[in-house]
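Novice: Predicted model follows, preceded by the sequence.
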Amino acid sequence: MTQGSLLPSLWDDAVAARLDEPGLLLYRSNLLGSDLRITNFGGGNTSAKVAAKDPLTGADVQVLWVKGSGGDIGSMKLDGFATVYMDRLMQLRAQYRDLSQEDAMVQALDHCIFNLNPRAPSIDTWLHAFVPQVHVDHVHSDAVIAIAAAKDQVALTKTVFGDEIGYLPWQRPGIDLGIQLGRLAEENPHLKGAVLGSHGLFTWGATAKECYETTIRIINTAAAWLAANEARPVFGGEKVPALAAQDRKAAARRLMPLIRGRISKAEMKAGHFTDAPEVLDFVNSNALTALAPLGTSCPDHFLRTKIKPLILPADADEPALDALIAGYRADYAAYYDRCKRPNSPALRDPNAVIYLVPGVGMISFAKDKSTARISAEFYLNAINVMRGASGVSTYQGLPEQEAFDIEYWLLEEAKLQRMPKAKPMQGRVAFITGGAGGIGSATADRLLKEGCNVVLADVDQPSLDEVTAGFAKRYGRDMVRGVVMDVTQETQVVAALEQTVQEYGGLDVVVNNAGITSAAAVEDTTLAMWNRTMDILSTGYFLVAREGYRILKAQALGGSMVFVSSKNGVAASPAASAYCTAKAAEIHLARCMALEGAPFGIRVNVVNPDAVLRGSKIWQGEWSQQRAASNKIAVSELEEHYRKRSLLQRSVFPEDIAEGVYFFASDLSAKSTGNFLNVDAGNAVSFTR
Ligand SMILES: NC(=O)c1ccc[n+]([C@@H]2O[C@H](COP(=O)([O-])OP(=O)(O)OC[C@H]3O[C@@H](n4cnc5c(N)ncnc54)[C@H](O)[C@@H]3O)[C@@H](O)[C@H]2O)c1
Ligand SMILES: [Zn+2]
């Protein structure tokens, strides 16, 4: 939390007056979750104890509404709350003897569910249930965790909050910690909440508003105190100066594909880069090498970020990267071996998630872009915590065994096992030229559906913006980017692919598709028309393919290039010699690149469409008139003309071409290169031979 910017109370009595108890709980939760200074994404939970009628017996019962497993309090809806019978939770509390029962008690929670609510209660349910107050908030505020992660956390809690906030030392959440918290609240009725060591804040109140305002006030108290007492300069001052902004980005773009190539062998990973000022303060500091290896403190943080980041020098060459990455893996495997228990789940991916580059910023890699971005946000939470704690005391990570027991907790493993199966293109990155057009956008849609990240490149900015925004809405803002680029301009092509790497960490699929048409009898073909056709089609495909190829080769994970050529690349057509020749050049370029790329696992294949009228911008202009004239029919008859001309007597749509591109882009065609696939409803003149 930055100094001087205290959290305002956003509570609106007029809004609250219209809400019932569950509605008030949701209102409070969404308010709390709307500011990352209050709690990290997906972190924290809220509850209220609400009177209800038992659906079976009609008896009056008390039900705990508590944020369930999964989701985020900022965006959750009422269905995000688990509902459990309070009296049954109390019966379990009475039966509890010792820590050996923890996991069995989790199973027992299922027997406490009220009204067949499918939302699973989380492990924090106990901590809410046993606090006697009706309303309870639990948040992971960086400012409070900073105090909870300081070496003298007990004394600091007292100094900062006085008598109104209690303290419990670190313990993994569960029924035992819930009982301790409940007892603390019962025995100290003056308390408004408690700090949990190395973890976060619990606060409570008699009304939803009181609880919410206490949470805000306690966080503000912590933030203001830290700001006033922080030692300067932060993190012991600067050790490495930040590179200039464009050099930071260039360094990230060089490193990202190299890292990605080394950590994506088992599972493809997408990346994220940030050089936010708070990140640079840390990675450039004197304290970096001492603090980073201590690991993150809050369990929520390290489940996303792994305990430790990997520090990389900005100029690390490939052998240096090999050594550093191998060193990290060995260190992680050794940690697993030291801490594992007889029934621990198997060793997970030993690669780092967070890569800190002094002078440059922070790179993160995870199974998909959203996870990589959120992991970076979590590490920023961890940076804030380290800054706060080390600024007023000594920062402490969680003891290694405790961290391991959380990371490899059987319940955590069960959560991972419940995750939906990865889509075939998850974590992969595709670059599509002409992405705003008919075939390009259909191809993007097909790839996005399979979990692929997509960068759409096009000269037509208005169409590009519209198409990109539509996909962002359907597939999520992390999945798609649009970049304005003219395929004939070398510098623009280079820049667009650089941006792709910076956004997603690498590249797997290049779809060369941007195009125009031209039509004229040979003697009427001007040099300008010839050159323009060649520039956009042949040369444009070459420039994009070459830049993509360079990245794929450096990344060393193979890759797939798909060229959208044309029936006209194989079969001659009258009055379109420039277009036909340019399209033939694309096919031959694909073959040459297939040959050169094979040793690196880079496949290059071609899809040949024919007469895709619907959705295509090239069929909206002059081309249609010329084709109609050349066939001696009206423009309105063209679609029917081409359908009848095809062997299968069917029209071809952009989605049909997209299906062919997807086949070559994905592992479905892992053993094909140098091929072409006609998607034209059958046309004997373009049969392969
Ligand atoms: N539609 C068909 O019948 C058909 C048939 C055979 C081949 N093709 C080929 O399919 C590809 C896509 O065609 P479509 O039907 O989707 O057309 P389209 O016009 O709908 O899409 C082409 C896109 O490329 C973009 N573009 C044009 N010049 C560019 C440049 N210099 N730099 C970057 N972007 C540029 C356009 O803005 C447009 O968004 C083209 O290569 C075309 O030759 C189409
Ligand atoms: Zn927590």
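Specialist: Right, received. Where do you want to start? Ligands and ions are numbered 1, 2, ... in the order given.

Novice: Now do the helices in the stretch 351-500 of the chain.
Specialist: Under the criterion DSSP state H, counting those that start in this stretch, the stretch 351-500 of the chain contains helices at 369-392, 400-407, 410-418, 438-449, 461-475, 490-504.

Novice: Can you give the contact residues for the third one?
Specialist: Taking contacts as CB atoms under 8 Å, 6 or more residues apart in numbering, the residues outside helix 410-418 that touch it are S69, D103, V106, I123, L303, N343, P345, I406. For the C-beta atoms, the positions are set from N, CA and C on the backbone; glycine is no exception.

Novice: please redo it, this time with the cut-off set to 10 Å
Specialist: 69-70, 102-103, 106-107, 120, 122-123, 174, 299, 303, 341, 343-346, 348, 405-407, 409 (CB atoms under 10 Å, 6 or more residues apart in numbering).

Novice: Residues of this protein that sit close to ligand 1?
Specialist: Proximity of the chain to ligand 1, by CB under 6 Å from any ligand atom, involves residues 433-434, 436-440, 458-460, 463, 485-488, 513-516, 536, 540, 564, 566, 609-612, 616-619.

Novice: sorry, back to before: and the contacts of helix 410-418, which of them are buried?
Specialist: Buried by 16 or more other CB atoms under 10 Å: 69, 102, 106, 122-123, 174, 299, 303, 344-345, 405-407, 409, out of the contacts of helix 410-418.

Novice: in the sheet, who's paired with Y355?
Specialist: Taking DSSP bridges as the rule, Y355 bridges to L310, I363.

Novice: any low-confidence regions in the chain?
Specialist: Within the chain, the stretches with pLDDT under 70 are 1-4.

Novice: deepest of the helices of the stretch 351-500 of the chain, which one?
Specialist: Ranked by mean neighbour count, the helices of the stretch 351-500 of the chain are led by helix 438-449 with a mean of 25 (mean count of other CB atoms under 10 Å).

Novice: Show me how the record splits the chain into domains.
Specialist: 3-229, 245-417, 429-614+653-680 (automatic domain parsing).

Novice: Which of the ones you listed has the highest mean neighbour count?
Specialist: Mean neighbour counts for those (mean count of other CB under 10 Å) peak at domain 429-614+653-680, with a mean of 21.

Novice: Please report the distance of the residue in the stretch 201-350 of the chain positioned nearest to ligand 1 from R373.
Specialist: For the stretch 201-350 of the chain, the residue closest to ligand 1 is R253, as judged by CB to the nearest ligand atom, at 21.6 Å. Distance, R253 to R373, using CB to CB, to the nearest Å: 17 Å.

Novice: before we move on, back to that, from the buried ones among the contacts of helix 410-418, pick the one nearest ligand 1.
Specialist: L303 (42.5 Å).

Novice: Please name the residues that touch the closest one.
Specialist: Counted by CB under 10 Å, 6+ apart, L303 has contacts G42, T296, S375, F378, A403, I406, E407, W409, E412, K415.

Novice: Then N531?
Specialist: Shown in contact with N531 (CB under 10 Å, 6+ apart): T488, T539, A578.

Novice: Distance to Q499 added to the residues you listed, as CSV?
Specialist: Output for these, formatted as CSV (distance: CB to CB, whole Å):
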residue, distance to Q499
T488, 18
T539, 21
A578, 31
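
Novice: Let me know the closest of the residues you listed to G388.
Specialist: T488 (52.4 Å; CB to CB).

Novice: nearest residue to that closest one other than its sequence neighbours?
Specialist: Leaving aside its chain neighbours, T488 sits nearest to D535 (4.5 Å; criterion: CB to CB, 6 or more residues apart in numbering).

Novice: What ranges does the stretch 501-650 of the chain have for its helices?
Specialist: Counting by DSSP H, counting those that start in this stretch, the helices of the stretch 501-650 of the chain are 527-534, 540-555, 577-597, 622-630, 638-645.

Novice: about what we covered before: nearest to ligand 1 among the contacts of N531?
Specialist: After measuring the contacts of N531 against ligand 1 - CB to the nearest ligand atom - the closest member comes out as T488, at 5.2 Å.

Novice: and the gap between that closest one and Y579?
Specialist: Applying CB to CB to T488 and Y579 gives a distance of 16 Å.

Novice: ditto for V509
Specialist: Note on V509: its distance to Y579, by CB to CB, is 26 Å.

Novice: do the same with S666
Specialist: 29 Å.

Novice: Skipping adjacent residues, who's closest to A149 in space?
Specialist: Excluding the flanking residues, the one nearest A149 by CB to CB, 6+ apart is S297, at 4.0 Å.

Novice: Hmm, I typed the wrong one, I wanted Q62.
Specialist: Nearest residue to Q62, sequence neighbours excluded (CB to CB, 6+ apart): M86, at 4.1 Å.

Novice: Then S630?
Specialist: Distances taken as CB to CB, 6+ apart place A575 nearest to S630, at 5.5 Å, with adjacent residues excluded.

Novice: likewise I145?
Specialist: Per CB to CB, 6+ apart, closest to I145 is V385, 4.7 Å.

Novice: list the contacts for that neighbour?
Specialist: Contacts of V385 (CB under 10 Å, 6+ apart): 140-150, 198, 296-298, 301, 395.

Novice: and the residues you listed, which of them are in strands?
Specialist: Among the contacts of V385, DSSP state E puts none in strands.

Novice: Tell me which of those fall in helices.
Specialist: D142, A143, V144, I145, A146, I147, A148, H301 (DSSP state H).

Novice: quick one: R97 and D110, what's the gap?
Specialist: In terms of CB to CB, R97 sits 20 Å off from D110.

Novice: go on, R232?
Specialist: For R232, the distance to D110 equals 52 Å [CB to CB].

Novice: do the same with S9
Specialist: According to CB to CB, S9 stands 37 Å off from D110.

Novice: okay, which residue of this structure is out on the far edge from center?
Specialist: Note on the chain: the largest C-alpha distance from the chain mean falls to E523, namely 54.8 Å (CA atoms, centre = their mean).

Novice: quick one on the thing from earlier: the residue of the stretch 201-350 of the chain closest to ligand 1 reaches G505, doesn't it?
Specialist: Yes: assessed by CB atoms under 10 Å, R253 is found in contact with G505 at 9.3 Å.

Novice: Mind listing the shared neighbours of these two?
Specialist: Shared contacts of R253 and G505, defined by CB under 10 Å, 6+ apart, comprise F273.

Novice: give the contact list for D110.
Specialist: D110 touches V84, A120, P121, counting by CB under 10 Å, 6+ apart.
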